[in-house]
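>>> Whatever this is, show me its structure:
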Amino acid sequence: MELRHLRYFVAVAEQGGFTRAATLLHLSQPALSRQIRDLERELCVQLLIRGPVGVLPTPAGEVFYERARHVLAAVDEAGRAARRAAEGQRTLRVGVWLPLPGGLHISLLTAFGHAHPEVHLRWREIGFAEYEQPLLDAEVDVALMWLPVDPERLLAVPLASEPRGLAVPRGHALWDAESVPLSDALTLPLAPVHQVSTRMCSYWQMWAERDGEPPLAPGEPSATVTELLLAIRLNGVVCPGPLYTYQVQLPEGLRVLPLTGVTDAECGVVRRRDDRRELPRLFCDFVVAILRHPPLPGVMPGRQGA
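All right, here's what the predicted structure looks like:
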């Protein structure tokens, strides 16, 4: 039995017929049929049967399909891991959740690039709805992002802090306020978001301060910062976020008020705990070390992690 037999069988089972599977696999139908017969002969069991709606797995075929699918997934992941390992020797993929305080990512990536010209830096923006997932899925090797993150699977070191604020729309009762105490903010409905981890929602929406209860969040959930800001304006709701960086992309009709009585937000450098490669660790150690010295040009002062 070879891997191709598994791929051929899975394709027929998923496509529900030999013709569609053969087209997908770029094989002739007779050739594909022979391969499936060879597989059944080797296993001494019938895997597929023709039914009124096409070709279906037999009970034995259903069991074999599940096992074969997991084997193929493991083989594909092994290939991806090998390619990542080979690429990781010369390329570092950095995820950046924007905006960060004072263009932190620009200063740090530039400094690392100058210090390690042999490393090819590739970076991509992480949307807030993606949160930590690109890192967990190994789509990026390290990330500069807002905290908190999964403490069991990810290792995070804070780099800078920023006060939290509350975005409010024009016409809201708080529009003319100088600041908003936490106790008042907890009574207000918030803009809803979706496809975001419970960890992030609970932190930014302050579930702990609400005794573990999520806030009232009317309207359609938002998946991007632009959608979120539009929801604040259209629905007359508020939304907490980093005070100064929130103002970077604030449209007309919205303002951000300081939120008092709550701890500052932190951004940090993050990598996977099970990633034993030297390059991601080198990057994390580098950015932590460089921020122990006077701030880089353009980096907003704040609490710097050790």
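>>> The lowest-mean-pLDDT helix or strand in the chain packs against which elements?
The helix or strand of the chain with the poorest confidence is helix 243-246; it has a mean of 78 (mean pLDDT, DSSP states H and E). Under the contact criterion of 3 or more CB pairs under 8 Å, 6 or more residues apart in numbering; DSSP states H and E, helix 243-246 touches strand 154-162, strand 164-169, strand 254-260. Every C-beta, even on glycine, is put in place using the N, C-alpha and C of the backbone.
>>> Return the mean pLDDT over the longest one, rounded to an integer.
It refers to strand 154-162. Strand 154-162 carries an average pLDDT of 94.
>>> Tell me the strands beside that strand, with direction?
The strands beside strand 154-162 in its sheet (DSSP bridges) come out as strand 265-272 (antiparallel).
>>> how about the CA coordinates for whichever helix or strand comes after the strand it pairs with, as PDB?
Downstream of strand 265-272, the next assigned helix or strand under DSSP states H and E is helix 278-290. Coordinates of each C-alpha in helix 278-290 appear next as PDB, following Å, rounded to 0.1, in the frame of the first residue of the first chain:
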ATOM      1  CA  GLU A 278      16.900  29.600  17.400                       C
ATOM      2  CA  LEU A 279      15.700  32.400  15.100                       C
ATOM      3  CA  PRO A 280      12.400  33.100  16.800                       C
ATOM      4  CA  ARG A 281      14.100  33.100  20.200                       C
ATOM      5  CA  LEU A 282      16.800  35.300  18.800                       C
ATOM      6  CA  PHE A 283      14.300  37.900  17.600                       C
ATOM      7  CA  CYS A 284      12.400  37.900  21.000                       C
ATOM      8  CA  ASP A 285      15.600  38.300  23.000                       C
ATOM      9  CA  PHE A 286      16.800  41.000  20.700                       C
ATOM     10  CA  VAL A 287      13.700  43.200  20.900                       C
ATOM     11  CA  VAL A 288      13.500  42.800  24.700                       C
ATOM     12  CA  ALA A 289      17.200  43.700  25.100                       C
ATOM     13  CA  ILE A 290      17.000  46.700  22.900                       C
END
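>>> mind listing what's buried in helix 278-290?
279-280, 282-284, 286-288, 290 (16 or more other CB atoms under 10 Å).
>>> cool, and stretch 29-37?
32-33, 35-36.
>>> where does stretch 239-254 sit relative to the chain's centre, distance-wise?
The chain centre lies 22 Å from the centre of stretch 239-254; the measure is CA atoms, centre = their mean, to the nearest Å.
>>> Please disregard the earlier target; I meant stretch 52-65.
Put simply, stretch 52-65 sits 36 Å off its chain's centre (CA atoms, centre = their mean).
>>> Over to stretch 219-229?
17 Å.
>>> List of residues touching it?
127-129, 167, 191-195, 230-231, 234-235, 237, 239, 249-251, 254 (CB atoms under 8 Å, 6 or more residues apart in numbering).
>>> Pull out the buried members of those.
Buried among the contacts of stretch 219-229 (16+ other CB under 10 Å): 127-129, 167, 191-193, 231, 235, 237, 239, 254.
>>> And the protein, what are its domain boundaries?
3-86, 89-161+265-290, 164-260 (automatic domain parsing).
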